[in-house]
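Chemist: My questions concern the predicted model and sequence given below.
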Amino acid sequence: MDRKLTRVAGMGLAALLGSTSLAAAEVTVEFWHSFGGSSGDALAEIIANFEEANPGITIEAEHVGNYNDIVARLQAAIPAGRGPDAVIMEVTRYGLFADRGVLMDLTDYLEADPLKDELFDFAREVGVYEGKNYIVPFNSSTPVTYVNKDIFERAGLPEDTPLTTYDEILAAAQKIQGALGDEGIYGIAAPGQFARWGLIMDNDSDLIDSVSGEVLIDAPNTVEAYEWMASLVHEHGVASADNVTDEKTGRDAFFAGKVGIMLNSTGNYRQSKASLGDDLIVRPLPCNKVCAAPIGGAGIGILSTADAEVQDAAYEFISFAASAESNAIWFAGTGYMPINRNTADQPLAAETLENEPGIRVSIEQLDVARGRPRPPVVTWMRATEYDMWQAMALGQRDVEDTLADFAKRTRVEAGRVGQ
């Protein structure tokens, strides 16, 4: 048996016997992540619990920035030999690093870990690329529809106003804009990239087919979805142009009570609730032609360059972070979906589900949620999409022409990185 399998078998046996730590000596795991605010607080609690249970292991956590920042910094750090030992990787972008051998294959670790039977199917699937596990899920989400009930009431909209189609959303946003626009309130926040992907799925399309890998950026239903999203800004004026050039401003305006509707990740639930209190309503992502929602979030991977004992320690932390106890802390503290089948049985999670109905929406939406493609080209595609979106939303370029060009470039890039 080679050294890795020996370590894996040992880890599996120790887990079955209930061992709290495998480290024979002090081990430090450098861990890059993307969580601040309430999410950062929940992560810190999980890390503290892990270190208390595993006195031989220290998790040196560093907040690097958002998912895009992590990708950029990791790409710069690897050639210089300055990468971390473990890293949060967004579920559509880790394929680039798995394909290049940067992330180690965790399949043997996970197969020897009882955790594998506790993860929901969707959670287990997001970590698989080319038939192997490269990340173990930590935070999973879908986009949902956030509504400010006070703004709706002031605009003369009932709380149960339908928001299930493009037309219904636009009508509500226009009524808010007409009634409250003079107060600096917008009807809707311009959708961020995660929400844009969801709205495209709701229009019975995708950016890349998750099974065949076919580029669908210029498909008719994708074009139609972008035309509608862009019209919110440059044609109807119900969303701010500032939200297009800096997506955080839409979220922050919603928190501040300056936006009536926001389509955004369940990861924003906790801060939305803290900001709006009882005025927060959470609804499913709209259906336009079909009901569908992308599964987002991230998982934790281990770099193949880490020392063997550090890899073992890092996997212990990953397994601990995905346990029902840790996942309950994360779910209750952030609004991200449970990834562990036993999370809801934890008292903290059960209390949250009982007292906060808004947090249930993403779980109920899983019936129509699906994973997204994760081949290497997706990292390039997502980085490039921001500029394409800005040009369309600000009325600088025709939507159909822009997407035709974007699709052509994506196909060329897919061929290049696939070689």
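Modeler: Cool, the structure landed.
Chemist: Select the longest helix from this protein.
Modeler: helix 399-417 (DSSP state H).
Chemist: got the residue ranges for the helices in the stretch 51-200 of the chain?
Modeler: With DSSP state H, counting those that start in this stretch as the criterion, the stretch 51-200 of the chain has helices at 67-80, 94-99, 107-111, 121-125, 149-154, 166-180, 193-202.
Chemist: As a markdown table, the ones you listed with mean neighbour count would be great.
Modeler: From N, CA and C alone the C-beta is placed, and that goes for glycine too. Shown next, in a markdown table, are the helices of the stretch 51-200 of the chain (neighbours: other Cβ atoms under 10 Å):
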| stretch | mean neighbour count |
| --- | --- |
| helix 67-80 | 16 |
| helix 94-99 | 23 |
| helix 107-111 | 19 |
| helix 121-125 | 16 |
| helix 149-154 | 17 |
| helix 166-180 | 19 |
| helix 193-202 | 24 |
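Chemist: helix, strand or coil for the most centrally placed residue in the chain?
Modeler: Centroid-nearest residue in the chain: residue 297, 2.3 Å away (criterion: Cα atoms, centre = their mean). Following DSSP: H, G, I helix; E, B strand; the rest coil, residue 297 is assigned to strand.
Chemist: what sits against it?
Modeler: Taking Cβ atoms under 8 Å, 6 or more residues apart in numbering, we find residue 297 in contact with 90, 91, 126, 137, 138, 139, 140, 141, 265, 267, 336, 337.
Chemist: Any chance of TSV for these, columns distance to residue 352?
Modeler: Converted to TSV, the contacts of residue 297 look like this (distance: Cβ to Cβ, whole Å):
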residue	distance to residue 352
90	25
91	24
126	23
137	19
138	18
139	16
140	16
141	16
265	17
267	15
336	12
337	12
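Chemist: those strands in this structure, which residues are they?
Modeler: 27-33, 57-63, 86-90, 128-129, 132-133, 136-141, 143-148, 186-188, 259-265, 280-283, 293-294, 296-302, 369-370 (DSSP state E).
Chemist: so which of the ones you listed gets nearest residue 355?
Modeler: strand 280-283 (13.4 Å; Cβ to Cβ).
Chemist: Identify the residues contacting that closest one?
Modeler: So strand 280-283 is contacted by 144-149, 152, 159, 163, 269, 272-273, 357-359, 361 (Cβ under 8 Å, 6+ apart).
Chemist: Would you confirm that residue 38 contacts residue 336?
Modeler: No. If you go by Cβ atoms under 8 Å, residue 38 and residue 336 don't touch, sitting 10.8 Å apart.
Chemist: neighbour count winner among the two?
Modeler: residue 336 (29 against 17; other Cβ atoms under 10 Å).
Chemist: Grab the nearest non-local neighbour of the more buried one.
Modeler: Nearest-residue entry for residue 336: residue 139, 4.4 Å, with adjacent residues in sequence omitted and distances by Cβ to Cβ, 6 or more residues apart in numbering.
Chemist: Thanks a lot, catch you later.
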